[in-house]
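In: Next input, structure requested:
(one chain, ligands or ions: 1)
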Amino acid sequence: MSLHTDIRRVRAEFDDRLKAVQARLAAGLDGSEHAEQLRIDFLGRKGAVAGLFAGLGALSPKERPAAGQQLNALKEAIAGAVSDLQPGPSQEDRPSAPQLDLTLPGDPIPLGSTHPVTQIESKIKNIFARIGFSIYYGPEVETEFYNFEALNFQADHPARDMQDTFYLSKDLLLRTHTSNNQIHAMEAMKPPLRIIMPGRVFRNEAINARSHCQFHQIEGLVVDRQVSMAELKGTMTHFARELYGPDTRTRFRPSYFPFTEPSAEMDIYWGLETDRDHRITKGTGWLEILGCGMVHPNVFKAVDLDPLKWTGYAFGMGLERMAMLKWGIGDIRLFFEGDLRFLRQF
Ligand code: PHE
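Out: Below you'll find the model as predicted:
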(Lines give C-alpha, C1' and ligand atoms only; values in the text may rest on other atoms or scores of the structure.)
Protein backbone atom coordinates (compact mmCIF):
# COMPACT_ATOMS: atom_id res chain seq x y z
CA MET A 1 0.00 0.00 0.00
CA SER A 2 1.40 3.35 -0.98
CA LEU A 3 0.26 5.07 2.23
CA HIS A 4 2.62 2.83 4.16
CA THR A 5 5.53 3.91 2.00
CA ASP A 6 4.52 7.54 2.29
CA ILE A 7 4.38 7.29 6.07
CA ARG A 8 7.76 5.66 6.19
CA ARG A 9 9.23 8.29 3.85
CA VAL A 10 7.86 11.22 5.92
CA ARG A 11 9.05 9.57 9.10
CA ALA A 12 12.57 9.12 7.71
CA GLU A 13 12.72 12.73 6.50
CA PHE A 14 11.58 13.93 9.87
CA ASP A 15 14.13 11.83 11.71
CA ASP A 16 16.96 13.25 9.57
CA ARG A 17 15.88 16.84 10.15
CA LEU A 18 15.37 16.12 13.86
CA LYS A 19 18.88 14.76 14.20
CA ALA A 20 20.32 17.90 12.58
CA VAL A 21 18.49 20.16 15.02
CA GLN A 22 19.47 17.97 17.98
CA ALA A 23 23.11 18.20 16.85
CA ARG A 24 22.89 22.03 16.78
CA LEU A 25 21.46 22.06 20.27
CA ALA A 26 24.07 19.59 21.53
CA ALA A 27 26.76 21.89 20.15
CA GLY A 28 25.37 24.70 22.28
CA LEU A 29 23.98 26.63 19.25
CA ASP A 30 20.58 28.28 19.19
CA GLY A 31 18.18 25.76 17.69
CA SER A 32 14.84 27.43 18.33
CA GLU A 33 14.33 28.72 14.78
CA HIS A 34 15.22 25.36 13.31
CA ALA A 35 12.86 23.59 15.70
CA GLU A 36 10.06 25.96 14.74
CA GLN A 37 10.73 25.40 11.03
CA LEU A 38 10.63 21.66 11.66
CA ARG A 39 7.25 22.01 13.34
CA ILE A 40 5.88 24.08 10.45
CA ASP A 41 7.20 21.72 7.78
CA PHE A 42 5.71 18.62 9.32
CA LEU A 43 2.81 19.66 11.53
CA GLY A 44 1.76 22.96 9.92
CA ARG A 45 -1.45 23.45 7.99
CA LYS A 46 0.38 22.74 4.71
CA GLY A 47 2.96 20.41 6.25
CA ALA A 48 3.87 16.84 5.36
CA VAL A 49 1.48 15.20 7.84
CA ALA A 50 -1.45 17.30 6.65
CA GLY A 51 -0.57 16.19 3.14
CA LEU A 52 -0.83 12.56 4.14
CA PHE A 53 -4.17 13.16 5.85
CA ALA A 54 -5.44 14.72 2.61
CA GLY A 55 -4.72 11.41 0.88
CA LEU A 56 -7.13 9.56 3.19
CA GLY A 57 -10.07 10.60 1.06
CA ALA A 58 -8.80 8.48 -1.82
CA LEU A 59 -8.94 5.30 0.24
CA SER A 60 -11.93 3.02 0.37
CA PRO A 61 -14.15 3.36 3.45
CA LYS A 62 -12.87 -0.01 4.64
CA GLU A 63 -9.21 1.01 4.59
CA ARG A 64 -9.77 4.49 5.99
CA PRO A 65 -10.03 3.77 9.75
CA ALA A 66 -6.79 1.78 9.99
CA ALA A 67 -4.92 4.30 7.83
CA GLY A 68 -6.31 7.16 9.94
CA GLN A 69 -5.01 5.49 13.06
CA GLN A 70 -1.53 5.15 11.60
CA LEU A 71 -1.50 8.81 10.58
CA ASN A 72 -2.62 9.89 14.03
CA ALA A 73 0.18 7.83 15.57
CA LEU A 74 2.69 9.48 13.23
CA LYS A 75 1.38 12.95 14.04
CA GLU A 76 1.60 12.31 17.77
CA ALA A 77 5.14 10.93 17.54
CA ILE A 78 6.30 13.97 15.56
CA ALA A 79 4.54 16.42 17.84
CA GLY A 80 6.13 14.74 20.88
CA ALA A 81 9.61 14.89 19.40
CA VAL A 82 9.23 18.56 18.37
CA SER A 83 8.00 19.65 21.75
CA ASP A 84 10.93 17.83 23.42
CA LEU A 85 13.24 20.10 21.41
CA GLN A 86 11.77 23.26 22.86
CA PRO A 87 13.56 24.22 26.06
CA GLY A 88 11.17 25.02 28.90
CA PRO A 89 10.69 28.73 29.42
CA SER A 90 13.47 30.16 31.47
CA GLN A 91 12.79 31.79 34.80
CA GLU A 92 13.03 35.29 33.27
CA ASP A 93 10.74 34.95 30.29
CA ARG A 94 8.01 32.87 31.95
CA PRO A 95 4.90 35.05 31.83
CA SER A 96 4.23 36.40 35.30
CA ALA A 97 1.47 34.54 37.12
CA PRO A 98 -1.84 36.42 37.36
CA GLN A 99 -1.96 38.48 40.49
CA LEU A 100 -3.84 36.51 43.16
CA ASP A 101 -5.52 38.48 45.93
CA LEU A 102 -5.82 35.93 48.70
CA THR A 103 -7.75 38.36 50.89
CA LEU A 104 -10.75 38.47 48.51
CA PRO A 105 -13.84 36.66 49.84
CA GLY A 106 -14.47 33.33 48.08
CA ASP A 107 -17.41 32.57 45.81
CA PRO A 108 -20.39 31.66 47.97
CA ILE A 109 -21.49 28.01 47.79
CA PRO A 110 -25.29 28.04 47.97
CA LEU A 111 -26.50 25.85 50.82
CA GLY A 112 -30.00 24.41 51.05
CA SER A 113 -31.94 24.51 54.28
CA THR A 114 -34.25 22.10 56.02
CA HIS A 115 -37.96 22.59 55.27
CA PRO A 116 -39.78 24.10 58.27
CA VAL A 117 -42.12 21.10 58.49
CA THR A 118 -39.12 18.76 58.56
CA GLN A 119 -37.55 20.89 61.28
CA ILE A 120 -40.66 20.65 63.47
CA GLU A 121 -40.93 16.94 62.75
CA SER A 122 -37.39 16.20 63.92
CA LYS A 123 -37.82 18.38 67.01
CA ILE A 124 -40.91 16.41 68.00
CA LYS A 125 -39.30 13.07 67.15
CA ASN A 126 -36.35 13.97 69.38
CA ILE A 127 -38.55 14.95 72.30
CA PHE A 128 -40.33 11.61 72.20
CA ALA A 129 -37.18 9.62 71.46
CA ARG A 130 -35.71 10.91 74.72
CA ILE A 131 -38.59 9.37 76.68
CA GLY A 132 -38.40 5.97 75.07
CA PHE A 133 -40.56 6.24 71.94
CA SER A 134 -39.41 4.65 68.70
CA ILE A 135 -40.49 5.64 65.19
CA TYR A 136 -42.78 3.73 62.85
CA TYR A 137 -43.89 4.57 59.30
CA GLY A 138 -46.97 3.37 57.42
CA PRO A 139 -48.49 3.75 53.94
CA GLU A 140 -50.14 6.86 52.48
CA VAL A 141 -52.37 4.79 50.17
CA GLU A 142 -54.72 2.89 52.40
CA THR A 143 -57.81 0.70 52.55
CA GLU A 144 -61.04 1.62 54.31
CA PHE A 145 -60.21 -1.00 56.90
CA TYR A 146 -57.04 0.66 58.18
CA ASN A 147 -58.16 4.24 57.77
CA PHE A 148 -61.69 3.86 59.20
CA GLU A 149 -63.11 0.45 60.05
CA ALA A 150 -60.46 -0.85 62.41
CA LEU A 151 -60.48 2.58 64.07
CA ASN A 152 -64.12 2.15 65.01
CA PHE A 153 -65.58 4.57 62.46
CA GLN A 154 -69.17 3.48 61.81
CA ALA A 155 -70.09 2.80 58.18
CA ASP A 156 -72.13 5.98 58.02
CA HIS A 157 -69.48 8.21 59.65
CA PRO A 158 -69.34 11.51 57.73
CA ALA A 159 -65.53 11.39 57.46
CA ARG A 160 -65.93 8.44 55.10
CA ASP A 161 -67.83 10.64 52.69
CA MET A 162 -66.27 11.39 49.28
CA GLN A 163 -66.51 15.03 50.29
CA ASP A 164 -63.79 14.55 52.90
CA THR A 165 -61.77 11.61 51.60
CA PHE A 166 -59.85 11.14 48.35
CA TYR A 167 -60.86 7.73 47.03
CA LEU A 168 -58.55 6.13 44.45
CA SER A 169 -60.97 3.26 43.83
CA LYS A 170 -63.90 1.68 45.63
CA ASP A 171 -61.72 0.55 48.53
CA LEU A 172 -58.40 2.39 48.10
CA LEU A 173 -58.03 5.90 49.46
CA LEU A 174 -55.42 8.42 50.56
CA ARG A 175 -55.19 8.26 54.32
CA THR A 176 -56.98 11.12 56.06
CA HIS A 177 -54.88 10.84 59.22
CA THR A 178 -51.83 8.97 60.52
CA SER A 179 -54.07 6.92 62.84
CA ASN A 180 -54.03 4.16 60.19
CA ASN A 181 -50.52 3.45 61.48
CA GLN A 182 -51.91 2.53 64.90
CA ILE A 183 -53.48 -0.53 63.28
CA HIS A 184 -50.42 -1.40 61.17
CA ALA A 185 -48.12 -1.07 64.17
CA MET A 186 -50.26 -3.27 66.41
CA GLU A 187 -50.46 -5.89 63.66
CA ALA A 188 -46.73 -5.78 63.00
CA MET A 189 -45.41 -5.70 66.56
CA LYS A 190 -46.31 -7.28 69.85
CA PRO A 191 -47.12 -4.93 72.76
CA PRO A 192 -45.85 -3.28 74.85
CA LEU A 193 -45.53 -0.48 72.27
CA ARG A 194 -44.32 3.08 72.61
CA ILE A 195 -44.11 4.67 69.15
CA ILE A 196 -44.59 7.84 67.16
CA MET A 197 -45.60 7.76 63.52
CA PRO A 198 -44.99 10.80 61.29
CA GLY A 199 -46.43 11.14 57.82
CA ARG A 200 -48.38 13.00 55.18
CA VAL A 201 -52.17 12.93 55.16
CA PHE A 202 -54.78 14.05 52.63
CA ARG A 203 -58.23 15.57 52.90
CA ASN A 204 -60.59 16.65 50.21
CA GLU A 205 -60.77 20.25 51.32
CA ALA A 206 -60.86 23.54 49.46
CA ILE A 207 -57.37 25.04 49.51
CA ASN A 208 -57.05 28.38 51.23
CA ALA A 209 -54.74 30.13 53.70
CA ARG A 210 -55.96 28.00 56.63
CA SER A 211 -56.55 24.57 55.11
CA HIS A 212 -54.93 22.42 52.44
CA CYS A 213 -55.68 19.09 50.79
CA GLN A 214 -52.39 17.69 52.12
CA PHE A 215 -50.55 18.21 55.39
CA HIS A 216 -48.44 16.31 57.91
CA GLN A 217 -49.24 14.70 61.23
CA ILE A 218 -47.39 12.92 63.99
CA GLU A 219 -49.31 10.13 65.62
CA GLY A 220 -48.38 8.57 68.95
CA LEU A 221 -49.36 5.23 70.44
CA VAL A 222 -48.60 3.57 73.75
CA VAL A 223 -49.88 0.07 74.50
CA ASP A 224 -49.08 -1.68 77.77
CA ARG A 225 -50.70 -3.14 80.89
CA GLN A 226 -52.51 -0.60 83.06
CA VAL A 227 -51.77 2.53 81.06
CA SER A 228 -53.67 5.42 82.61
CA MET A 229 -55.17 8.69 81.47
CA ALA A 230 -52.87 10.33 84.03
CA GLU A 231 -49.88 8.96 82.12
CA LEU A 232 -51.30 10.38 78.90
CA LYS A 233 -51.77 13.81 80.47
CA GLY A 234 -48.32 13.74 82.03
CA THR A 235 -46.63 12.76 78.78
CA MET A 236 -48.49 15.37 76.71
CA THR A 237 -47.70 18.11 79.22
CA HIS A 238 -44.03 17.12 79.25
CA PHE A 239 -44.05 17.25 75.46
CA ALA A 240 -45.63 20.73 75.35
CA ARG A 241 -43.06 22.06 77.81
CA GLU A 242 -40.17 20.60 75.83
CA LEU A 243 -41.47 22.15 72.60
CA TYR A 244 -42.77 25.51 73.84
CA GLY A 245 -40.72 26.12 76.99
CA PRO A 246 -40.74 24.96 80.65
CA ASP A 247 -43.39 27.46 81.77
CA THR A 248 -45.97 26.35 79.20
CA ARG A 249 -49.46 25.91 80.69
CA THR A 250 -51.68 23.17 79.29
CA ARG A 251 -55.33 22.22 79.65
CA PHE A 252 -57.33 19.23 78.50
CA ARG A 253 -60.84 19.59 77.10
CA PRO A 254 -63.16 16.60 76.59
CA SER A 255 -63.54 15.74 72.91
CA TYR A 256 -64.61 12.93 70.64
CA PHE A 257 -62.74 10.56 68.32
CA PRO A 258 -64.20 7.17 67.33
CA PHE A 259 -60.95 5.36 68.18
CA THR A 260 -60.33 6.76 71.67
CA GLU A 261 -62.50 6.78 74.80
CA PRO A 262 -62.35 9.00 76.71
CA SER A 263 -60.98 11.55 74.22
CA ALA A 264 -59.50 14.97 74.79
CA GLU A 265 -57.89 17.92 73.09
CA MET A 266 -54.92 19.61 74.63
CA ASP A 267 -54.56 23.39 74.56
CA ILE A 268 -51.54 25.43 75.48
CA TYR A 269 -51.79 28.91 76.94
CA TRP A 270 -50.53 31.24 74.23
CA GLY A 271 -51.23 34.61 75.79
CA LEU A 272 -53.25 37.64 74.78
CA GLU A 273 -50.65 40.35 74.33
CA THR A 274 -50.82 41.24 70.67
CA ASP A 275 -53.56 41.55 68.08
CA ARG A 276 -52.24 38.42 66.51
CA ASP A 277 -52.58 36.53 69.84
CA HIS A 278 -56.22 37.61 69.96
CA ARG A 279 -56.78 36.51 66.39
CA ILE A 280 -55.20 33.05 66.56
CA THR A 281 -56.67 32.17 69.97
CA LYS A 282 -60.08 33.62 69.08
CA GLY A 283 -59.81 35.88 72.10
CA THR A 284 -59.37 33.07 74.64
CA GLY A 285 -55.57 33.02 74.93
CA TRP A 286 -55.67 29.22 74.52
CA LEU A 287 -54.60 27.27 71.45
CA GLU A 288 -55.52 23.70 70.60
CA ILE A 289 -52.43 21.72 69.61
CA LEU A 290 -53.36 18.04 69.64
CA GLY A 291 -56.05 15.38 69.94
CA CYS A 292 -55.63 12.37 72.21
CA GLY A 293 -57.38 9.72 74.25
CA MET A 294 -57.38 6.19 75.62
CA VAL A 295 -57.37 3.47 72.93
CA HIS A 296 -60.96 2.30 72.37
CA PRO A 297 -61.60 -1.40 73.17
CA ASN A 298 -62.97 -1.91 69.64
CA VAL A 299 -59.59 -0.88 68.20
CA PHE A 300 -57.84 -3.54 70.28
CA LYS A 301 -60.40 -6.09 69.10
CA ALA A 302 -59.76 -5.17 65.46
CA VAL A 303 -56.12 -6.24 65.85
CA ASP A 304 -56.85 -9.26 68.04
CA LEU A 305 -55.59 -7.79 71.29
CA ASP A 306 -57.63 -8.51 74.41
CA PRO A 307 -59.05 -5.17 75.67
CA LEU A 308 -59.30 -6.62 79.17
CA LYS A 309 -55.58 -7.26 79.19
CA TRP A 310 -54.22 -4.32 77.21
CA THR A 311 -54.63 -0.60 77.71
CA GLY A 312 -53.18 2.32 75.84
CA TYR A 313 -53.33 5.91 74.72
CA ALA A 314 -52.97 7.63 71.37
CA PHE A 315 -52.42 11.19 70.23
CA GLY A 316 -52.13 13.08 66.99
CA MET A 317 -51.09 16.55 65.93
CA GLY A 318 -50.71 18.59 62.73
CA LEU A 319 -47.17 19.68 61.86
CA GLU A 320 -47.99 22.63 59.57
CA ARG A 321 -50.07 24.08 62.37
CA MET A 322 -47.12 23.74 64.76
CA ALA A 323 -44.78 25.40 62.27
CA MET A 324 -47.26 28.22 61.61
CA LEU A 325 -47.45 28.92 65.33
CA LYS A 326 -43.72 28.72 65.88
CA TRP A 327 -42.72 31.06 63.04
CA GLY A 328 -45.87 33.17 62.71
CA ILE A 329 -46.60 31.88 59.19
CA GLY A 330 -50.01 33.09 58.04
CA ASP A 331 -50.65 30.87 55.00
CA ILE A 332 -50.46 27.06 54.93
CA ARG A 333 -50.05 27.04 51.12
CA LEU A 334 -46.49 28.36 51.48
CA PHE A 335 -45.34 24.96 52.77
CA PHE A 336 -46.10 23.25 49.47
CA GLU A 337 -45.09 25.83 46.87
CA GLY A 338 -41.31 25.44 47.07
CA ASP A 339 -40.83 29.21 46.75
CA LEU A 340 -37.18 29.88 47.61
CA ARG A 341 -38.01 33.33 49.00
CA PHE A 342 -40.02 31.50 51.68
CA LEU A 343 -37.74 28.48 52.18
CA ARG A 344 -34.54 30.53 52.48
CA GLN A 345 -35.83 32.06 55.71
CA PHE A 346 -35.47 28.81 57.67
N1 PHE B 1 -56.51 11.27 64.03
C2 PHE B 1 -56.99 12.43 64.70
C3 PHE B 1 -57.10 13.58 63.68
O4 PHE B 1 -56.73 13.40 62.55
C5 PHE B 1 -56.06 12.86 65.82
C6 PHE B 1 -55.99 11.86 66.94
C7 PHE B 1 -55.00 10.88 66.94
C8 PHE B 1 -56.88 11.89 67.99
C9 PHE B 1 -54.92 9.97 67.97
C10 PHE B 1 -56.80 10.99 69.04
C11 PHE B 1 -55.80 10.02 69.02
O12 PHE B 1 -57.56 14.65 63.99
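In: What is the burial count for whichever residue of the stretch 201-346 of the chain sits closest to the ligand?
Out: Nearest residue of the stretch 201-346 of the chain to the ligand, counting by Cβ to the nearest ligand atom: residue 316, 2.7 Å away. In short, each C-beta sits where N, CA and C put it, glycine included. Using other Cβ atoms under 10 Å, residue 316 has 24 neighbouring residues.
In: That one contacts residue 292, doesn't it?
Out: Yes - with contact defined as Cβ atoms under 8 Å, residue 316 counts as touching residue 292 (7.4 Å).
In: Return every residue with contacts to both of those two.
Out: Taking Cβ atoms under 8 Å, 6 or more residues apart in numbering as the contact rule, residue 316 and residue 292 both touch residue 220.
In: elements contacting the host helix or strand of the residue of the stretch 201-346 of the chain closest to the ligand?
Out: Taking DSSP states H and E as the definition, residue 316 sits inside strand 311-318. Using 3 or more Cβ pairs under 8 Å, 6 or more residues apart in numbering; DSSP states H and E as the contact test, the elements touching strand 311-318 are strand 214-224, helix 229-244, strand 286-295.
In: returning to what we had before: residues contacting the nearest residue to the residue of the stretch 201-346 of the chain closest to the ligand once chain neighbours are set aside?
Out: Once flanking residues are discounted, residue 316 sits nearest to residue 219: 4.7 Å by Cβ to Cβ, 6 or more residues apart in numbering. Under the criterion of Cβ under 8 Å, 6+ apart, the neighbours of residue 219 are 177, 178, 179, 181, 182, 196, 197, 198, 199, 314, 315, 316.
In: If you rank these by neighbours, which is first?
Out: In terms of neighbour count, residue 182 stands highest of those at 31 neighbours, by other Cβ under 10 Å.
In: what residues are up against that residue?
Out: The neighbourhood of residue 182, defined by Cβ under 8 Å, 6+ apart, consists of 151, 197, 219, 221, 259, 295, 299, 314.
In: Packing partners of whichever helix or strand comes after the strand holding residue 316?
Out: The C-terminal neighbour of strand 311-318 among helices and strands, as given by DSSP H and E, is helix 319-327. For helix 319-327, the contact count by 3+ Cβ pairs under 8 Å, 6+ apart identifies helix 116-129, strand 214-224, strand 286-295 as packing neighbours.
In: and of these, who's closest to residue 244?
Out: Of all those, it is strand 286-295 that lies closest to residue 244, at 8.6 Å by Cβ to Cβ.
In: and the closest one, which residues are buried?
Out: Buried residues in strand 286-295, counting neighbours by 16 or more other Cβ atoms under 10 Å, are found at 286, 287, 288, 289, 290, 291, 292, 293, 294, 295.
In: The ligand contacts on the stretch 101-250 of the chain?
Out: Remark: the part of the stretch 101-250 of the chain in contact with the ligand comprises 177, 179, 219, using Cβ under 6 Å from any ligand atom.
In: So which of the residues you listed is the closest to residue 42?
Out: Nearest to residue 42, judged by Cβ to Cβ, of those is residue 219 at 79.1 Å.
In: Give me the contact list for the helix ranked longest in the chain.
Out: The single longest helix within the chain, with elements called by DSSP state H, is helix 2-26. Residues from elsewhere that reach helix 2-26 (Cβ under 8 Å, 6+ apart): 30-31, 34-35, 38, 41-42, 48-49, 52, 55, 59, 67, 70-71, 74, 77-78, 81, 85.
In: how about low-confidence regions in this protein?
Out: The chain contains residues with pLDDT under 70 at 1, 87-95.
In: what secondary structure does residue 251 sit in?
Out: Here residue 251 is recorded as strand under DSSP: H, G, I helix; E, B strand; the rest coil.
In: ok, it to residue 264 distance?
Out: Separation of residue 251 from residue 264 (Cβ to Cβ, to the nearest Å) stands at 10 Å.
In: Same question for residue 79.
Out: From residue 79 to residue 264 the distance is 85 Å (Cβ to Cβ).
In: likewise residue 81?
Out: Applying Cβ to Cβ to residue 81 and residue 264 gives a distance of 90 Å.
In: Who has more neighbours out of those two?
Out: residue 264 (24 against 18).
In: Which of the helices or strands spans that one?
Out: Element membership for residue 264, per DSSP H and E: strand 260-269.
In: which SS state does the residue in the stretch 51-200 of the chain that the ligand sits nearest to fall under?
Out: Of all residues in the stretch 51-200 of the chain, the one sitting closest to the ligand is residue 177 (3.4 Å; Cβ to the nearest ligand atom). Secondary structure for residue 177, judged by three-state DSSP, is coil.
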